[in-house]
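what's the 3D shape of this:
(chains A and B)
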Amino acid sequence: MLVGTRKGAFILTSDGTRTDWEVAGPHFGGWEMYHLKGSPALADRIYASQSTGWFGQLIQRSDDGGATWEPVGNEFRYEGVPGTHQWYDGTPHPWEFARVWHLEPSATDPDTLYAGVEDAALFKSDDGGAKWQELPALRSHGSGPFWQPGAGGMCLHTIVIDPRDANRLYVAISAAGVFRSDDGGESWRPINRGLHSEGIPDPDAEVGHCVHRIALHPSRPEVLFMQKHWDVMRSDDAGESWHEISGDLPTDFGFVIDVHAHEPDTIYVVPIKSDSEHYPPEGKLRVYRSRTGGDEWEPLTNGLPQSNCYVNVLRDAMAVDSLDPCGVYFGTTGGQVYASPDGGDTWAPIVRDLPAVLSVEVQTLP
Amino acid sequence: MIRVVLPPHLRTLAHTDREVRLDVDEPVTQRTVLDALERRYPVLRGTIRDHETRERRAFVRFFACEDDLSHESPDAPLPPAVVAGTEPFFVIGAMAGG
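Numbering: from 1, shown residues only, chains lettered A, B, ... in the order given. Presented below is the predicted three-dimensional model:
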């Protein structure tokens, strides 16, 4: 498990039982590690986003499973004249690079990967991270001037590559919404029909929605699941339209959403009380699971704190493994990383006292 | 020989000790010292100055001879004691950062 935190990265390792874990780190102690992700095409190749407010952005690459690291390219230059987006108060504000939120390696080529950055844009590298090129059509397709920052900044935080067609890309931006490309990033369009957000002048607008996370199951890539600022949503047509599946959740605010590795209709969320109260309702840390693709949810509590728990689970901080039964993992802003080796039925903390967890990714190694 | 003291995070990145020594041709300015530093340690490109504008990052400060030189022109000559190598040029992470 690759864990990014506010003050370093940690690598947690276990065998298939997923009961005893070895914790290595911190790597890059003192740096904000927004995201680490391994290449599906080369298990020992890991990419990491390393940044601080002092010294800016670096990208690190490991070719030995995280034992050693090499800094690669860190120049993220917007194409052309960057233009403006909306500031918090609705006034125009120039695009300014802040950091890389998410790295998404190609499924087939270990040297190809995408980076989602703040202020929102998508970059691509074809040489293992040495050089980065923006895919500028995303920002310039027309709606960019109307994007605005969410509370965490105006970030492109989610990149999903269709497992059946690598030219179909989905990205999610706070607060703009979801965008799809069917030509490898050469052109883009917003796909937010059905989203309803009361924090924007037109609640049904084409852009402006604070989408927190999207996920899909590889066997059924036209079905997308979304945790929006408020509302859990689903699309059955590759994002052309969305409908709400919040159902009987105690609150439909939250950040993470993920799909079971072997059951495409089994999905997980962690409800958070509200947009200003970023902690679980009633002080009970509960993962909610739907086995019906949404609407009907069950709380998963066995092994999770059920009193006085006021942590948050950030958008990139949940992952599943590909073992059977499926393992589910998440990290909290309180520094706990929880693991369930049985699809969510039981949970146990692997570690309790890391810095605030920003991201969790899992590699299932042979 | 110009002496440059780096903050801990940048020492780690560049695999250096606290202080590095650089040959810098005249004129010795912030710009020529940082250019020489980045030539020796390419990993530091973008960490002290912006890649594109070459301006000092907001949370980085430059001190020397007990003075704050952060807002001096990057092309202004550095103090004679820095040029002579008797005093170091400090690259500092601002107190407010991190």
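
so what's the closest residue to chain B within the stretch 151-300 of chain A up against?
Using C-beta to the nearest C-beta, the single residue of the stretch 151-300 of chain A nearest to chain B is A:Gly153, 15.3 Å away. In this view, the C-beta of every residue, glycine as well, is placed from N, C-alpha and C. Contacts for A:Gly153 (C-beta atoms under 8 Å, 6 or more residues apart in numbering or on different chains) come out as A:98, A:118-119, A:174.

tell me where chain B has helices.
Remark: helices assigned in chain B by DSSP state H are B:8-14, B:30-40, B:80-84.

what are the buried residues along the first one?
Just to be clear, that refers to helix B:8-14. When burial is assessed from 16 or more other C-beta atoms under 10 Å in any protein chain shown, helix B:8-14 yields the following buried residues: B:9-11, B:13-14.

so can I have TSV of these showing distance to A:Ser241 and pLDDT?
Listed next are the buried residues of helix B:8-14 as TSV, based on distance: C-beta to C-beta, whole Å; pLDDT from 0 to 100:
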residue	distance to A:Ser241	pLDDT
B:His9	47	96
B:Leu10	50	97
B:Arg11	54	97
B:Leu13	47	96
B:Ala14	52	97
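
quick check, nearest of these to A:Ala130?
B:Leu13 (16.5 Å; C-beta to C-beta).

neighbours of the closest residue to that closest one other than its chain neighbours, how many?
Spatial nearest neighbour of B:Leu13, excluding adjacent residues (C-beta to C-beta, 6 or more residues apart in numbering or on different chains): B:Val43 at 5.1 Å. By other C-beta atoms under 10 Å in any protein chain shown, the residues close to B:Val43 number 16.

ok, B:Val43 to A:Gly56 distance?
Per C-beta to C-beta, to the nearest Å, B:Val43 is found 12 Å from A:Gly56.

span of stretch A:262-281 from start to end?
Terminal residues of stretch A:262-281 lie 29 Å apart, using C-alpha to C-alpha, to the nearest Å.

before we move on, what about stretch A:48-65?
For stretch A:48-65, the end-to-end distance is 12 Å (C-alpha to C-alpha).

so which bits of that stretch are buried?
Residues A:48-63, A:65 are the ones in stretch A:48-65 that count as buried (16+ other C-beta under 10 Å).

out of those, list just those in strands.
Counting by DSSP state E, the buried residues of stretch A:48-65 place A:48-52, A:56-62 in strands.

and which of those is nearest A:Thr17?
Out of those, the member with the shortest distance to A:Thr17 (by C-beta to C-beta) is A:Ser62, at 25.6 Å.

can you tell me which two in the contacts of A:Gly153 are farthest apart?
A:Ala98 and A:Ser174 (13.0 Å).

more crowded one of the two?
Shown here are A:Ala98 and A:Ser174; by other C-beta under 10 Å, A:Ser174 has more neighbours (28 against 16).

quick one, phi/psi of that one?
Backbone geometry at A:Ser174, expressed as degrees, to the nearest 10, gives phi -100, psi 120.

okay, now A:Ala24: neighbour count?
For A:Ala24, using other C-beta under 10 Å, the count is 12.

where does the prediction get shaky in chain B?
Across chain B, the ranges flagged by pLDDT under 70 are B:97-98.

get me the contact residues on it for chain A.
Contact residues (C-beta under 8 Å from any C-beta of the partner chain) of chain B with chain A: B:7-10, B:13, B:43, B:45-48, B:51-52, B:57, B:59-60, B:93-94, B:97-98.

so what's A:Pro82 scoring on pLDDT?
With respect to pLDDT, A:Pro82 has a value of 86.

ok, now A:Pro341?
pLDDT, A:Pro341: 97.

what's the closest non-adjacent residue to it?
Once flanking residues are discounted, A:Pro341 sits nearest to A:Arg18: 4.0 Å by C-beta to C-beta, 6+ apart.

give me the phi and psi for the one you found.
phi 60, psi 40.

circling back: which of the residues of chain B next to chain A are buried?
The neighbour count (16+ other C-beta under 10 Å) marks B:7, B:9-10, B:13, B:43, B:45-48, B:57, B:59-60, B:93, B:97 as buried among the residues of chain B next to chain A.

taking these one by one, which sit in strands?
Judged by DSSP E, strands contain the following of those: B:60, B:93.

check contacts around the nearest residue to B:Arg18 once chain neighbours are set aside.
Computed as C-beta to C-beta, 6+ apart, the closest residue to B:Arg18 that is not its neighbour in sequence is B:Val5, at 5.9 Å. Residues in contact with B:Val5 (C-beta under 8 Å, 6+ apart) are B:18-19, B:88-91.

and if you look at A:Leu135?
Each residue near A:Leu135 by C-beta under 8 Å, 6+ apart is listed here: A:121-124, A:181, A:185-186.

again, only this time at 6 Å
By C-beta atoms under 6 Å, 6 or more residues apart in numbering or on different chains, A:Leu135 lies in contact with A:122, A:124, A:185.

and it, what pLDDT?
For A:Leu135, pLDDT reads 98.

with adjacent residues omitted, what lies nearest to it?
A:Gly185 (3.8 Å).

biggest separation within the contacts of B:Val5, which pair?
B:Arg18 and B:Phe89 (12.8 Å).

buried stuff in stretch A:29-36?
A:31-36.

an error on my part: the question was meant for stretch B:82-92.
Those would be B:82-83, B:87-92, for stretch B:82-92 by 16+ other C-beta under 10 Å.

model confidence over stretch A:197-205, on average?
Taken as a whole, stretch A:197-205 carries a mean pLDDT of 92.

A:Gly80: what secondary structure?
Of the three states, A:Gly80 takes coil under DSSP: H, G, I helix; E, B strand; the rest coil.

ok so, going back, out of the buried residues of stretch A:29-36, which is nearest to chain B?
Comparing the buried residues of stretch A:29-36 against chain B with C-beta to the nearest C-beta places A:Trp31 closest, at 7.0 Å.

what separation is there between that closest one and A:Gly129?
Plainly put, A:Trp31 is 16 Å away from A:Gly129 if you go by C-beta to C-beta.

and A:Tyr268, by the same measure?
Counting by C-beta to C-beta, the gap from A:Tyr268 to A:Gly129 is 30 Å.
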